[in-house]
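Trainee: Any chance you can model this:
(one chain, ligands or ions: 1)
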Amino acid sequence: MTKTSSFTAPKGIPDYVPPASAEFVAVRDALVRSARSAGYGHVELPIFEDTALFARGVGESTDVVSKEMYTFADRGDRSVTLRPEGTAGVMRAVIEHGLDRGQLPVKLYYAGPFFRYERPQAGRYRQLQQVGVEAVGVDDPALDAEVVAIADAGFRSVGLTGFRLEITSLGDDTCRPQYRELLQEFLFQLPLDEETRRRAELNPLRVLDDKRPEVRELTVGAPLMIDHLSESAKAHFEQVLGHLDALGVPYTVNPRMVRGLDYYTKTTFEFVHDGLGAQSGIGGGGRYDGLMAQLGGQPLSGIGFGLGVDRTVLALQAEGKTAGDPARVDVFGVPLGDAAKQRLVVLAAQLRAAGIRVDLAYGGRGVKGAMKAADRSGAKYALVLGDRDLAEGEIGLKDLAGGEQRQIPIDTAVAAVSAALAQDR
Ligand code: HAM
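Mentor: Below is the predicted model of the structure:
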């Protein structure tokens, strides 16, 4: 490939161009379809918001807020941040538009880019794409199971199979503070280095997620949240698992799971794919029962997920699968002469109006070049029109895979092409 410009995409940000972009679109649409199948309505939110929203919502001590935000002052000297995730913005919008005062749960989905200034590597981007859902205002284990199940179904609907679901409970405000103290007591006895000790003070749960073997070894016997749940958090978690069993959604309980965002309570989960190397999380989510109140709204519960579209595309590739239709069009028009071109331009518009995707050979290419373009477009049929056909009121309909071509009356072309395509389906 020749580079014609010294400009490149910003570091760590993927472009998706045809034909590979068809896969990206197919994955995103499939995940969205799964959310819509459970009644989630679309929400379209700003790409940037007040910095304080994320600081307060996601948590000052998280890596996302303390190290990874794209924060800048706008021309009015307001501190704004490119959204690093979707949940805080959705809560802000639910409160602002009073959706929490209507029918509960409020069920919303979103799809779009998020921004984190992370060190770029395979599967870790600075602009990442998610499909997410949030269900606000009802604390029902069946709703937790629904959220998990639509993520699972979404991944499966694109053909992904090599993933697993890890799930745990992070407790609630009646049991987590005590557990936090217990864990800190345990951690402070260990010969931890300075930085890890500081982390144990600030966010002890994160120490359990330390990947270094020496720290892992030290924390083998650490107390786990799951063994210290309150009665109600425990019952909630057991019911979620019961629903997942009934739904046939496979899972493993991972009591050491730690998520990178501070708002999680009770049910918390992650979808992990083993074909991706270090960046193996293809989606994650959980309950965040204190977040609304934290952002100045009513004390309503919530649960949701964010599924990584980029990583799902990579996971499909790792499984040797493709998604989406790489064909750009159904039909490709090949005009052989000026009058023929004029007629084909109109016929193309008529076919498009009938819901058929059509492209033409533009630029006065020879028949060979035009047929090559037709093949490359992925079209099933070419419509070949010469000036002589035109005089006879006919057009050639060529099956691009089989090679046969038949003449049909040009006035019936829309019906004939529709019928041919319908038969192929
Ligand atoms: P998260 O786990 O931070 O959760 O992100 C969700 C998913 O986004 C990850 O599992 C991963 O697939 C993808 N992702 C995150 N960072 C990157 C990156 N740098 N490059 C590529 N993909 C990435 C959240 O964002 C929560 N808001 C999810 C949620 C919604 N929880 C409750 N409601």
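
Trainee: what pLDDT, on average, does the helix or strand where residue 245 lies get?
Mentor: Using DSSP states H and E, residue 245 sits in helix 231-247. Model confidence over helix 231-247, given as mean pLDDT, is 98.

Trainee: swap in stretch 339-358?
Mentor: On average, stretch 339-358 scores 97.

Trainee: what do you get for stretch 384-396?
Mentor: 95.

Trainee: Name the residues that touch the helix holding residue 245?
Mentor: The contact list for helix 231-247 (C-beta atoms under 8 Å, 6 or more residues apart in numbering) reads 139, 141-142, 144-145, 148-149, 167, 169, 171-172, 174-175, 226, 229, 251, 253, 266-267. For every residue, glycine as well, the C-beta is placed using N, CA and C.

Trainee: Name every strand pairing with the helix or strand following it and say which way it goes.
Mentor: As assigned by DSSP H and E, the chain's next helix or strand after helix 231-247 is strand 252-253. Paired neighbours of strand 252-253 in the sheet (DSSP bridges): strand 163-169 (parallel).

Trainee: Can you report how many residues lie near residue 371?
Mentor: By other C-beta atoms under 10 Å, 18 other residues sit near residue 371.

Trainee: can you check residue 20 too?
Mentor: Residues lying near residue 20 (other C-beta under 10 Å) number 15.

Trainee: Please report how far it lies from residue 320.
Mentor: 15 Å (C-beta to C-beta, to the nearest Å).

Trainee: Get me the contact residues on the stretch 301-425 of the chain for the ligand.
Mentor: For the stretch 301-425 of the chain, the contact set with the ligand under C-beta under 6 Å from any ligand atom comprises 304-306, 308, 310-311.

Trainee: Which helix or strand contains the residue lying closest to residue 343 once chain neighbours are set aside?
Mentor: Nearest non-adjacent residue to residue 343, counting by C-beta to C-beta, 6 or more residues apart in numbering: residue 390, 5.9 Å away. In this structure, residue 390 is located in helix 387-392 according to DSSP H and E.

Trainee: Settle this for me: residue 277 is touching residue 311, isn't it.
Mentor: No: applying C-beta atoms under 8 Å as the test, residue 277 and residue 311 come out as separate, 10.5 Å apart.

Trainee: who touches both of those two?
Mentor: Counting by C-beta under 8 Å, 6+ apart, the shared contacts of residue 277 and residue 311 are residue 123.

Trainee: rewinding a little: tell me the contacts of the residue nearest to residue 343?
Mentor: 337, 339-340, 343, 410 are the contacts of residue 390 under C-beta under 8 Å, 6+ apart.

Trainee: would CSV of the residues you listed with distance to residue 214 and neighbour count be doable?
Mentor: As requested, the contacts of residue 390 are exported to CSV (distance: C-beta to C-beta, whole Å; neighbours: other C-beta atoms under 10 Å):
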residue, distance to residue 214, neighbour count
337, 77, 15
339, 80, 14
340, 75, 20
343, 76, 20
410, 77, 19
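
Trainee: Among the residues you listed, which pair sits farthest apart?
Mentor: Comparing every pair within the contacts of residue 390 by C-beta to C-beta identifies 337 and 410 as the most remote, at 14.1 Å.

Trainee: still on that earlier bit, relative to strand 163-169, how tilted is the helix holding residue 245?
Mentor: Put simply, helix 231-247 runs at 160 degrees to strand 163-169, going by axes from the mean of the first three to the mean of the last three C-alpha atoms, to 10 degrees.
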